[in-house]
Structures are given as structure tokens and as C-alpha cells.
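> Okay, here's the prediction I keep looking at, along with the sequence it came from:
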Amino acid sequence: MTEERLQKVIAEAGVASRRHAEEMIAQGRVTVNGEIVTTMGVKVDSNAAVTVDGVPLTREQKQYFLLYKPRGVITAVTDNKGRKTVTDFFDDVHERLYPVGRLDYDTSGLLIMTNDGEFANLMMHPKFNIDKHYVAKVQGIPSSMDLQPLRAGITIEGRRLAKAKTQVLSRDNTKKTAIVELVIHQGLNHQVKKMLKAVGFPVIKLSRTAFGSLTLNGLQPGDYRRLSHKEVNELKEQAGA
Ligand code: URA
């Protein structure tokens, strides 16, 4: 069972900002399991009955999903150009989910969706080391040596990138294309496309095939499934939490 500070619980229920929630607590307007609580920093578990001004809080359960994002879908909650968004796949889920990180409009693959902001930050923060696997179809046929700069860590737009793992999975000598796998843990904008272009192999098609220990096994583009507690905890561990 997860425990959280009372002011955070109130803020997350959308009743007030965390600061305002602290004022409400100090003013004796908040009860936990029927008792008025005025001390700050009290922790409450996820089953506690909390009221503010006599009104029970409805607490959103934390939800975690894995979506196989198809190409041609925008990684956003809404889109002012009317394009399909990743939240459109979750019509039957009541909680407001948002994406953890971003995949480009024309990139397919594994995207986590959640309403847990802390978890999302943990997954996205550069200091945490979650490996992301990408498979790209590229123009040209790179040798292992061609990809060496990516393994050593290249500088793009004045920024030195972390070392990547690279592997050429297959080659099409007739079409002069290849399938390349890259494993990186950063999540900069268009990072994989920029990296492969920088070594002379522009990306034709891109997919994220794994995020930490999660894979797309058994899913088709547009499918989603809930993550188990075990999977969520494993991701937290991989992030170093
Ligand atoms: N790198 C890219 O270039 N695009 C993505 O969508 C994800 C990683």
C-alpha cells in the first residue's frame, strides 16, 4: 500500500494546490478517517477516507499502460490540428492518462501511458538509466565501423550524447537499405534520427521495440495493455529508484 503526504493527496485530487491544501489542513478543514488533522506532513495510505470541508475526496487510482503506438498518431493529450492522439486509444479508461516521453508522429512502438506524474518523471529523467531499444530502417548499408561514433558518443548540435549500443540486424543490397538496432537511455528530441543521420544513414522508418524490460510482445499497433505491479516496480528499480 502506498502512503503519501496529506497535502499531496489533496492536491492530486485536484481540490487545491499543495500550498493551499496545507492552509486548509492548518485551518482544520480536513479529516482523515473521521478525525480532523491539523498537523503538517501526516502520511495517509491509499485507502484512507479524506474529506475537505466535509466533502469526500475521490482519489484517482494510479494507472499504468503500455501502448503500441502506430505511426501517424501524435504523442500528445490533444491536438489542435485534429490529428489522432495517443489518448484516443483509451476511450474506455476514465483516468486522465498522459504519455511518458514522446515518440515522433511517424515513429511507432512502445509508449507508456500513466496518470502517475512522479513515475513519469522518474522514467524520463536523464540521470536514470532506462534503456530504450529502437529499430530503424536506414538509407544505405552501414558497416559496424560506420556506427562506431555512436558507440563512442557523438556530439550533435553542440551536445555530447551518451554512448549507444548498435547492431546491424539485416541488409538489403538491392534496395540499399539496412535494419539497425540502437539502444540508448537518453530521450532527446528526434535523437535516433539525428544520430543515424549524423553518421550518414538517414532513417526511413523507426520503431521503439523495448523500454527497460518491457517489450511489444503479443501486441499489434494500436493495442494496449495494463502493466502489472511487478512490471511497474521493475521499471522503478531499473531507473535506480
Ligand atoms: N528518436 C527519434 O528520432 N524519434 C523518436 O520518435 C524517438 C527517438
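Looks like it arrived, so ask away.

> When you work out contacts or count neighbours from here on, use the C-alpha atoms and nothing else.
Noted.

> thought residue 170 was touching residue 179?
Yes. With the criterion set as C-alpha atoms under 8 Å, residue 170 and residue 179 qualify as a contacting pair; they are 5.2 Å apart.

> more crowded one of these two?
Between residue 170 and residue 179, counting by other C-alpha atoms under 10 Å, residue 179 is the more crowded of the two (22 against 13).

> Up against the ligand, what does the chain have?
Taking C-alpha under 6 Å from any ligand atom as the criterion, the neighbours of the ligand within the chain are 103, 104, 107, 190, 191, 192, 193.

> Just the residues you listed: which are in strands?
The subset of those located in strands under the criterion DSSP state E comprises residue 107.

> Distance of the closest residue to residue 24 other than its chain neighbours relative to residue 47?
Of all residues not flanking residue 24 in the chain, residue 30 sits nearest, at 6.6 Å (C-alpha to C-alpha, 6 or more residues apart in numbering). With distances taken as C-alpha to C-alpha, to the nearest Å, residue 30 is found 16 Å from residue 47.

> Show me what counts as buried in the longest helix anywhere in the chain.
Across the chain, the longest stretch assigned as helix under DSSP state H is helix 229-239. Taking 16 or more other C-alpha atoms under 10 Å as the basis for neighbour counts, the residues of helix 229-239 that come out buried are 234, 235, 236, 238, 239.

> Could you report the pLDDT at the nearest residue to the second one once chain neighbours are set aside?
Closest residue to residue 235 in three dimensions, ignoring its sequence neighbours and counting by C-alpha to C-alpha, 6+ apart: residue 212, at 6.5 Å. On pLDDT, residue 212 comes in at 92.

> count of neighbours near residue 212?
For residue 212, the tally of surrounding residues (other C-alpha under 10 Å) stands at 18.

> Residue 12: what's it in contact with?
For residue 12, the contacting residues are residue 59, by C-alpha atoms under 8 Å, 6 or more residues apart in numbering.

> quick one on the thing from earlier: buried ones among the residues of the chain next to the ligand?
For the residues of the chain next to the ligand, a neighbour count by 16+ other C-alpha under 10 Å gives the buried set as 103, 104, 107, 192, 193.

> Spit out the contact partners of the fourth one.
Remark: with contacts taken as C-alpha under 8 Å, 6+ apart, residue 192 is in contact with 134, 182.

> Would you mind measuring from the residue sitting nearest the centre point of the chain to the ligand?
When the chain is reduced to its mean C-alpha position, the closest residue under C-alpha atoms, centre = their mean turns out to be residue 100, at 2.0 Å. In this structure, residue 100 and the ligand are separated by 12 Å, where distance is defined by C-alpha to the nearest ligand atom, to the nearest Å.

> show me what contacts that residue?
111, 112, 113, 114, 120, 121, 123, 124.

> In its sheet, which strands sit next to the strand or helix carrying the third one, and in what direction?
Per DSSP states H and E, residue 113 falls inside strand 107-114. As defined by DSSP bridges, the strand partners of strand 107-114 come to strand 64-69 (antiparallel), strand 98-99 (antiparallel), strand 203-211 (parallel).

> on that earlier part again, compare residue 30 and residue 47 and say which is more crowded by neighbours.
For residue 30 against residue 47, the residue with the higher neighbour count under other C-alpha under 10 Å is residue 30, and the figures read 26 against 11.

> and the residue nearest to residue 63 when sequence neighbours are not counted, how many residues sit next to it?
On the basis of C-alpha to C-alpha, 6+ apart, the spatially nearest residue to residue 63 that is not a chain neighbour turns out to be residue 114, at 5.4 Å. Summarising burial for residue 114: neighbours were counted as other C-alpha under 10 Å, giving 22.
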